[in-house]
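[1] quick one: sequence plus predicted model below, questions after.
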Amino acid sequence: VTALLRDNHLGYLKVDYNDTIGFGCDGPESPGENLRQHLAGVQQFFQSLRTALPDLVIENCSSGGHRLEPSMMALTAMSSFSDAHETPDIPLIGANLHRLIPASQNQIWAVLRPGDTHRRLAYSLAATFLGRMCLSGDVHSLSDAQWTFTHEAIALYGEVAPVIATGQWRRHGEWSPSWRHLTGWQVATCLAPALGRTLVVWHRFEGPGGEVSVPLPVAGARVLQSFSDLPVAVSVNAATLSLTLDRPLSGGVLILGNA
C-alpha cells in the first residue's frame, strides 16, 4: 500500500470503515484481547503510513462510529462520520459530533444536485460550516447560477475557517422526538475571542416557523456577513440573537463581529 501511494504520487487516502467490529476475534488469547492486539496492529499500520509519507492526508471514515475516538483521530487528518449526506438531519448529526470530533477534523459533506433549488443548496452548504466543508454530488452538472451561489459559500467559508478551527461551539434548538423526521430549528454558535468573531449556523426544519432567540457568547455583537438564499430578519439585543425562520428546510450562516 505504501509503495502504491508513493509511486503514484497519491496525496489523499480515504480508509472506509462501515461494519460492526464484533465482540472479538480468533487467536491465542481471549476474543477481546485478540481484538485489542488486532487494533493495535491497525494503528501501527496507520503510523507507518504517516512515517513513510508525512505529507499524506488520511481520511478516517467511520460511519459505524467505532473509529471516531481520540487515538485514531490523532493518526488521521479528518474524520467522516455518516452516510446521511442527503437527508435533512445532517445539520443535527454534524452539530452533535462537536462533542466527539474537533470541528477542524469533522467532515461535513454537501451533496449538490442540478435539481437543487437555491434554498436546498443553502441548507446543504450552511451545514458544512459546522466542520470541514466537503462537496460531492453532480458538481460538474450545476448551472452557472448554482455555481455562483456555491462559490459565495466557499469564499465565505475561507474567511471564517480560522473561527471554525479554533472557536468554542454551542448548540441551541427545538427538535421533534424523531430525529429522522425533524421539526423545529437549530442554531449553532462558534465564538473565537482572539479573532473577534462569532459564527452562527442556523437551520429551520419542517413544521411551523417563527422567531427564535438564542443567547450569544458576547454582548454587543453586530452582523458583518451572511449567507442564505434569501435574507432573514435578524436582530441583536445585548447578548441575544433573534432570527425569523419561517421557511421549512432552509439554512444559512451569519458572521458577527464582537464588540
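    In hand now; what should we look at? Residues are numbered from 1 along each chain as shown.

[2] buried residues in stretch 82-94?
    82, 85, 88-94 (16 or more other CB atoms under 10 Å). Backbone N, C-alpha and C define where each C-beta goes, glycine included.

[3] the helices in the stretch 101-250 of the chain, which residues?
    Applying DSSP state H, counting those that start in this stretch to the stretch 101-250 of the chain gives helices spanning 118-127, 144-166.

[4] mind exporting the shortest one as PDB, just the C-alpha atoms?
    Meaning helix 118-127. C-alpha atoms of helix 118-127 as PDB (Å, rounded to 0.1, in the frame of the first residue of the first chain):
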ATOM      1  CA  HIS A 118     -31.100  27.800  -4.000                       C
ATOM      2  CA  ARG A 119     -33.000  27.100  -0.800                       C
ATOM      3  CA  ARG A 120     -31.800  23.400  -0.900                       C
ATOM      4  CA  LEU A 121     -28.200  24.500  -1.800                       C
ATOM      5  CA  ALA A 122     -28.200  26.900   1.100                       C
ATOM      6  CA  TYR A 123     -29.400  24.300   3.500                       C
ATOM      7  CA  SER A 124     -26.700  21.800   2.400                       C
ATOM      8  CA  LEU A 125     -23.900  24.400   2.200                       C
ATOM      9  CA  ALA A 126     -24.700  26.000   5.500                       C
ATOM     10  CA  ALA A 127     -24.300  22.700   7.300                       C
END
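
[5] what sits up against that helix?
    88, 90-91, 94, 108, 110-112, 116, 133, 146, 149-150, 153, 201-203, 227-230, 247, 249-253 (CB atoms under 8 Å, 6 or more residues apart in numbering).

[6] hmm, back to that, which of the buried residues of stretch 82-94 fall in helices?
    90-94 (DSSP state H).

[7] tell me the one of those residues nearest Thr240?
    Nearest to Thr240 among those is Pro91, at 21.7 Å by CB to CB.

[8] so who does that closest one touch?
    With CB under 8 Å, 6+ apart, Pro91 has these contacts: 123, 126-127, 130, 186, 188, 201, 203, 251.

[9] alright, calling it a day.
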